[in-house]
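Asks: structural data only, the sequence is not supplied:
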C-alpha cells in the first residue's frame, strides 16, 4: 500500500501508524500540498531510515498537524521476529536512531512529544 493511500485513509483519525519496507526505497517522495490535519494527534513511523524522504514526511506532519501531540519514530519493522536481532539490522537501526536524533529533534517544537525507540 502506498504512503499516499495510507495518508488518505487515515486523515480523519487521531492516530496514524506508518511503516516502510525495502520495496518503497525506489519511490520518490512527492511533497504533498499544504493541508492541515485537524484531528491527527499521534504519528508512529515504523521502519524509519536515514533517508531524506523519511525526514520530509515527519516534517510535513509537524508543519500540518494542528493538534499533533506525539511523534514516535521506530527504526525497527519487526521487533519480535527471529531475524530482527541480526547484527546487520541492529547496526542499521542504530544509524537510523542517531540520524533521527541529530536531524529531527531540533525541528520538533517543544509542544510535541518526540520519541525515538
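Replies: Cool, the structure landed. Everything quoted here is computed from the prediction, not taken from an experiment. Numbering: from 1, shown residues only.
Asks: helices and strands of this structure: which one bottoms out on pLDDT?
Replies: helix 3-10 (a mean of 47; mean pLDDT, DSSP states H and E).
Asks: after the helix ranked longest in the chain, which helix or strand is next? Please name it.
Replies: Ranked by residue count, the top helix of the chain under DSSP state H comes out as helix 87-103. Note on helix 87-103: by DSSP states H and E, the next helix or strand toward the C-terminus is strand 113-116.
Asks: about what we covered before: what does the longest helix of the chain contact?
Replies: Helix 87-103 is contacted from outside by 48, 49, 50, 55, 73, 75, 76, 83, 116, 117, using Cβ atoms under 8 Å, 6 or more residues apart in numbering. No exception for glycine: its C-beta is placed from N, CA and C like everyone else's.
Asks: give me the number of residues near the residue lying closest to the third one once chain neighbours are set aside?
Replies: If I follow you right, that is residue 50. Nearest residue to residue 50 in three dimensions, chain neighbours excluded: residue 99, at 3.7 Å (Cβ to Cβ, 6 or more residues apart in numbering). When neighbours are defined as other Cβ atoms under 10 Å, residue 99 has 19 of them.
Asks: for residue 53, same thing?
Replies: By other Cβ under 10 Å, 17 other residues sit near residue 53.
Asks: so it sits in a helix?
Replies: Yes. Judged by DSSP: H, G, I helix; E, B strand; the rest coil, residue 53 forms part of a helix.
Asks: ok, it to residue 60 distance?
Replies: The spacing between residue 53 and residue 60, counted by Cβ to Cβ, to the nearest Å, is 11 Å.
Asks: and residue 115, by the same measure?
Replies: Per Cβ to Cβ, residue 115 is found 18 Å from residue 60.
Asks: what's the answer for residue 103, then?
Replies: Distance of residue 103 to residue 60, given as Cβ to Cβ: 14 Å.
Asks: burial measure for residue 115, as a count.
Replies: A count of nearby residues for residue 115, using other Cβ under 10 Å, gives 11.
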